[in-house]
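# Test case, fold it:
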Amino acid sequence: MKVLIVDDEPLARVRMRKLLLESGKEMEIDEADGADKALNKIKENKPFAVFLDIQMPGKSGFELVEDLAEIPREDIPHVIFATAFDEYAIKAFEKNAIDYLLKPIEQDRLLQTLEKLTLLENSKKNKNGSDDLYEKLMNLVKNKDEKYLQRLQVKIGDRTLLINTADIVRFESDEKYTAVYANDNRYIIDTPIIDLESKLDPEAFIRVHRANLVAVSRIAEIRRQFPGKLTVILNDSAKTVIPVGRNYVDKVRDL
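Numbers count the residues shown, from 1 in each chain. As a prediction, this is how the structure comes out:
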């Protein structure tokens with residue numbers, strides 16, 4: 001898989017290259033420090049995907065995406081925005097980005113993006129004469145499993161953050177509101193935890209207590225306190241400890 005890293009910051013390019021190399025995926029990696037250079041490399045080398053910063057000297061990442069209209073449709077790469085600014089998320093998905101990564105990018109989060117790209121690449125190689133198979137699968141990946149919530153809207157003043165559910169560690173009921181813990185940040189939303197549970201993938205999130213809904217992948221340890229009582233310890237920065245409610249003990253034991 002050919003990928004192009006576009007970022008004006010040399011250290012950001014070095015870190016992204018390192019993360020890509022450590023992913024275990026076979027890929028050919030190229031770099032560009034600006035939109036114009038990137039456009040030329042896209043035309044010449046036809047990368048499958050571009051990891052694109054947004055704020056750069058000269059043309060922005062969004063302007064580069066607009067310039068892609070001048071190349072043949074089949075040569076347009078999949079775009080993954082990688083930025084330190086969360087306020088561009090809505091616009092990024094309006095530009096049909098495959099994903100939106102917030103710096104500093106974590107390896108686990110990048111691997112999710114690479115899985116999407118691998119699925120798209122494999123389907124493109126195995127179209128078997130079907131002209132629209134690739135397009136159908138690309139749309140499927142962009143709207144992955146529509147029956148489950150993939151991004152959560154959090155309103156902060158006149159801003160609306162889009163938080164990937166894959167970045168969420170846990171939800172905690174807080175009287176009439178719900179606290180969302182993601183990327184070492186705490187947000188407050190007015191959606192009841194019971195409503196969130198019904199919208200989230202049950203394989204990804206588990207209710208461990210009446211007031212706590214936890215990402216299964218963030219449970220590092222299940223500890224027995226005394227007969228019949230369990231606690232879960234999360235692998236977040238706070239090493240959060242949550243007592244398991246009596247009604248949820250069997251589900252936790254089955255993990």
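
# and this protein, what are its domains?
2-142, 151-253 (automatic domain parsing).

# What ranges does the stretch 51-200 of the chain have for its helices?
Secondary structure of the stretch 51-200 of the chain (DSSP state H, counting those that start in this stretch): helices at 61-67, 89-94, 107-125, 133-142, 193-199.

# out of these, which comes closest to Met16?
Nearest to Met16, of all those, is helix 107-125, at 8.4 Å by C-beta to C-beta. Every residue, glycine included, has its C-beta placed from N, CA and C.

# Lowest average confidence across the domains of the chain, which one?
Lowest mean pLDDT of those: domain 2-142, a mean of 85.

# Can you name the residues bridging to His78?
For His78, the beta-bridge partners are Ala49 (DSSP bridges).

# What's the local residue count around it?
His78: 22 surrounding residues under other C-beta atoms under 10 Å.

# OK, contacts around it?
The contact partners of His78, by C-beta atoms under 8 Å, 6 or more residues apart in numbering, come to Phe48, Ala49, Val50, Ile98, Leu117, Leu120, Met138.

# Compute the first-to-last residue distance for stretch 15-28.
Stretch 15-28 has its terminal residues 16 Å apart, counting by C-alpha to C-alpha, to the nearest Å.

# returning to that earlier point: of all the helices of the stretch 51-200 of the chain, which one is nearest Asp36?
Using C-beta to C-beta, those put helix 61-67 closest to Asp36, at 8.4 Å.

# Show me what counts as buried in the closest one.
Gly61, Phe62, Leu64, Val65 (16 or more other C-beta atoms under 10 Å).

# Then stretch 16-32?
Met16, Arg17, Leu19, Leu20, Lys25, Met27, Ile29, Asp30, Glu31, Ala32.

# Among those, which one lies nearest to Thr165?
Nearest to Thr165 among the buried residues of stretch 16-32, counting by C-beta to C-beta, is Leu19 at 21.2 Å.

# could you measure the residue lying closest to Leu111 once chain neighbours are set aside against Thr113, distance?
Closest residue in space to Leu111, ignoring its immediate chain neighbours: Ser23 at 6.0 Å, by C-beta to C-beta, 6 or more residues apart in numbering. Distance from Ser23 to Thr113, counting by C-beta to C-beta, to the nearest Å: 10 Å.

# Show the contacting residues for the closest residue to Ile90 other than its chain neighbours.
Excluding the flanking residues, the one nearest Ile90 by C-beta to C-beta, 6+ apart is Leu162, at 6.2 Å. Leu162 is in contact with Asp86, Ala89, Ile90, Phe93, Tyr100, Arg151, Leu152, Gln153, Val154, counting by C-beta under 8 Å, 6+ apart.

# ok, now Glu28?
Contacts of Glu28 (C-beta under 8 Å, 6+ apart): Met1, Lys2, Val3.

# which among those end up buried?
Buried among these (16+ other C-beta under 10 Å): Met1, Lys2, Val3.

# contacting residues for the residue nearest to Thr118 when sequence neighbours are not counted?
Leaving aside its chain neighbours, Thr118 sits nearest to Lys25 (6.9 Å; criterion: C-beta to C-beta, 6+ apart). Listed by C-beta under 8 Å, 6+ apart, the contact partners of Lys25 are Met1, Leu114, Thr118.
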